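Q: I would like to see how this sequence folds:
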Amino acid sequence: DDCALFAPAPGQQLAVSSDMLVEGRHFLSTVRPERLGHKALAVNLSDLAACGAAPLAFTLALALPRVDEAFLDGFSRGMFALADAHGIELVGGDTTAGPLNLCITVFGEVPVGQALRRSGARAGDDLWVSHPAGGGIGDARLALEAFRGHAVLTGEAFEAVRVAMEQPQPRVALGLALRGVASSAIDLSDGLLGDLRHVLRASGVGASVALADLPRSRWLAAQPAALQAECGLAGGDDYELLFTAPEAERARIAALAAGAGAGATRIGRIEAAPGLRVLGDDGRPLATLPGGFDHFRSP
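A: Sure thing, here's the model as predicted:
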């Protein structure tokens, strides 16, 4: 039919989000089709995770320069493998000729009143970030810097951070587990500081972040301090969860993250005083802070 027809279960709200990936802006032409299919869906599932919503279905709008069966085969396998892992189906969309452009709209459901929002952070809350177990944030940006020739990585390190950039893992299980525990949440798509500012603005609070507490992989930890800070604070493309929770929930959050197959690290605190302060290794606020990704200004 011309429309997909579905409804959430009784007592549930629909959660809907769209993300577009444009070649040359969000991904390189050298990306493997399987990974591109995975990422196209993963970035949308990450939005559901940040709201604590369970995935239901998705649509795909796809523009292609030409019919390329090998590309479409790999793309489909990557996308449907992730869809199958989350028990959802492709229920509609559109295809057309044009520059390579992928737009997915994802649908989820969440119990009425239990959605994680950006507006719930309160003074005294801990500030947390999820990450791969044993890893950290910022690897996707490190991969981009390697592609740009601004970072030198060995073959093993380059492949590890490239996977982080091209095949992020949406934290859906953790998002569901954080319902009723986290006071606010957002997914990291445009850099930690840029996305944190959205939470602070919506919640009417401030925050302090300890640079030394940012979780980082051994690949990023081996880089110069300035590059580590840039990747961790403003990297973008992490698709991890940045969330707040009362101090009393610390042990519970650690257990929930482990149960969801992820790590979670406290990186700061929500404060009543407005503004965002990043404390350097000496404990003093950094004089200047990197900005988040801006689609119309960032290179």
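Q: how far is the longest helix seen in the chain from where the chain is centred?
A: Secondary structure of the chain per DSSP state H: the longest helix is helix 33-51. Mean C-alpha position of helix 33-51 versus that of the full chain (Cα atoms, centre = their mean, to the nearest Å) differs by 9 Å.
Q: over to stretch 125-135?
A: Counting by Cα atoms, centre = their mean, stretch 125-135 comes out at 12 Å from the chain centroid.
Q: do stretch 31-38 as well
A: Relative to the centre of its chain, stretch 31-38 is centred 17 Å away, using Cα atoms, centre = their mean.
Q: please apply the same query to stretch 178-193.
A: 9 Å.
Q: list the buried residues for that stretch?
A: 178-179, 182-193 (16 or more other Cβ atoms under 10 Å). For glycine as for every other residue, the C-beta is placed from the backbone atoms N, C-alpha and C.
Q: in CSV, list these along with secondary structure and pLDDT.
A: Output for those, formatted as CSV (DSSP: H, G, I helix; E, B strand; the rest coil; pLDDT from 0 to 100):
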residue, secondary structure, pLDDT
L178, coil, 98
R179, coil, 98
A182, coil, 98
S183, coil, 98
S184, strand, 98
A185, strand, 98
I186, strand, 98
D187, strand, 97
L188, coil, 97
S189, coil, 92
D190, coil, 91
G191, coil, 94
L192, helix, 97
L193, helix, 96
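Q: could you give the backbone dihedrals for the spatially most central residue of the chain?
A: With distances taken as Cα atoms, centre = their mean, the chain has Y239 as the residue nearest its mean C-alpha position (1.4 Å). Y239 adopts backbone torsions of phi 50, psi 40, taken as degrees, to the nearest 10.
Q: that one: what's it in contact with?
A: Neighbouring residues of Y239 by Cβ atoms under 8 Å, 6 or more residues apart in numbering: 42-43, 46, 168-171, 187-189.
Q: list the residues that contact the nearest residue in space to Q167 that is not next to it in sequence.
A: Among residues not flanking Q167 along the chain, R35 sits closest, at 4.8 Å (Cβ to Cβ, 6 or more residues apart in numbering). Contact analysis of R35 by Cβ under 8 Å, 6+ apart lists 78, 163, 166-167.
Q: hang on, the earlier thing: quick one: mean pLDDT for the longest helix of the chain?
A: Averaged across helix 33-51, the pLDDT comes to 97.
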